[in-house]
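Enquirer: how would this look folded up:
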Amino acid sequence: MMTSLFSIFEPSSSLLSLNLNWLSTFLGFLFIPIFYWTAPSRWVLLWSKIIYTLHTEFKTILGTTNAGLSLLFVSLFSLILFNNALGLLPYIFTSSSHLAMTLTLALPLWLSFILFGWFNHTQHMLAHLVPQGTPGILMPFMVLIETISNIIRPGTLAIRLAANMIAGHLLLTLLGNMGPLLPMKLLTFLIVAQILLLMLESAVAIIQSYVFAILSTLYASEVN
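Expert: Now for the predicted structure:
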């Protein structure tokens with residue numbers, strides 16, 4: 001029976017399995033108490049250092065008045081990173097490769113920033129539509145361009161994350177399907193290529209989590 005290459009991204013068709021697939025998104029919360037129940041290890045200390053560094057960076061971008069808001073973006077980074085890393089394991093549902101997941105994260109954040117900015121800082125939001133030093137004849141076009149760029153922000157956030165996750169998984173699947181077709185002499189080369197690609201995908205999972213979180217932080221800082 002022939003199956004589509006994109007079938008690896010489809011959740012199970014049964015209702016119970018479908019719900020359990022999407023619930024795997026929140027499995028990371030089960031590991032949070034482990035940090036408090038066990039003695040600190042090098043991995044726990046490393047993760048704590050990463051969280052503290054991100055919190056400091058996000059707090060600098062948002063300003064001292066919104067220091068608490070940086071914890072939201074640190075949590076967002078942790079959630080996306082866990083799901084990206086979880087998807088690298090075999091036979092694990094990758095929720096971050098679906099627009100239903102990524103758009104659910106991006107759209108409410110963007111909408112809340114926009115509404116907060118327009119209701120509380122209307123003049124600042126209007127001034128932001130026209131960059132300083134823009135010639136008068138170009139102002140209508142700049143307003144149109146800035147408006148379109150603001151509207152497509154949640155879409156670009158969601159598509160960037162989902163597309164990067166899909167691309168890497170497709171490459172891993174294509175290389176895996178080539179195994180039975182290759183002679184034994186090339187099998188070692190294929191295994192090495194898959195290991196290198198898996199290392200690359202691990203880096204992409206971290207980078208895309210950071211990009212999603214840092215761009216959301218920058219969007220939030222523009223309304224203040």
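
Enquirer: List the buried residues for the helix or strand hosting residue 123?
Expert: For residue 123, the element it lies in under DSSP states H and E is helix 122-128. Buried positions in helix 122-128, judged by neighbour count with 16 or more other Cβ atoms under 10 Å: residue 125. Placement of C-beta: from N, CA and C, glycine included.

Enquirer: for the following helix or strand past that helix, which positions count as buried?
Expert: Following helix 122-128 in sequence order, the next helix or strand is helix 139-151 (DSSP H and E). Applying a neighbour-count criterion of 16+ other Cβ under 10 Å, one finds residue 150 buried in helix 139-151.

Enquirer: List of residues touching helix 139-151?
Expert: 114, 128, 129, 130, 131, 134 (Cβ atoms under 8 Å, 6 or more residues apart in numbering).

Enquirer: For the residues you listed, which two are the farthest from each other?
Expert: Farthest apart among the contacts of helix 139-151 by Cβ to Cβ are 114 and 134. That separation is 21.6 Å.

Enquirer: Quick check: which ranges of the protein have low pLDDT?
Expert: 1-24, 27-40, 64-67, 224 (pLDDT under 70).

Enquirer: Residues in contact with whichever strand or helix holds residue 104: which ones?
Expert: Per DSSP H and E, residue 104 falls inside helix 99-120. The contact list for helix 99-120 (Cβ under 8 Å, 6+ apart) reads 25, 76, 79-80, 83, 95-96, 124-125, 150, 153-155, 157-159, 161-162, 212, 216, 219-220, 222-223.

Enquirer: before we move on, back to that, more neighbours: residue 114 and residue 134, which one.
Expert: Summary of the neighbour comparison: residue 114 and residue 134, criterion other Cβ atoms under 10 Å, with residue 114 having more neighbours (18 against 13).

Enquirer: Just give me the longest helix of the protein.
Expert: For the chain, the helix with the greatest residue count under DSSP state H is helix 184-221.

Enquirer: got the angle between that one and helix 139-151?
Expert: 120 degrees (axes from the mean of the first three to the mean of the last three Cα atoms, to 10 degrees).

Enquirer: Can you show me the CA trace of the host helix or strand of residue 83 as PDB?
Expert: Using DSSP H and E, residue 83 sits in helix 70-86. Listed in PDB are the C-alpha atoms of helix 70-86, where the atom choice follows Å, rounded to 0.1, in the frame of the first residue of the first chain:
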ATOM      1  CA  SER A  70       9.900  38.000  29.700                       C
ATOM      2  CA  LEU A  71       8.900  34.900  31.700                       C
ATOM      3  CA  LEU A  72       6.100  34.400  29.200                       C
ATOM      4  CA  PHE A  73       8.600  34.200  26.300                       C
ATOM      5  CA  VAL A  74      11.000  32.000  28.200                       C
ATOM      6  CA  SER A  75       8.100  29.600  28.700                       C
ATOM      7  CA  LEU A  76       7.200  29.900  25.000                       C
ATOM      8  CA  PHE A  77      10.800  29.000  24.100                       C
ATOM      9  CA  SER A  78      10.800  26.000  26.400                       C
ATOM     10  CA  LEU A  79       7.500  24.700  25.000                       C
ATOM     11  CA  ILE A  80       8.600  25.000  21.400                       C
ATOM     12  CA  LEU A  81      12.100  23.500  22.100                       C
ATOM     13  CA  PHE A  82      10.600  20.500  23.900                       C
ATOM     14  CA  ASN A  83       8.200  19.800  21.000                       C
ATOM     15  CA  ASN A  84      10.900  20.300  18.400                       C
ATOM     16  CA  ALA A  85      13.300  17.900  20.200                       C
ATOM     17  CA  LEU A  86      10.500  15.400  20.900                       C
END
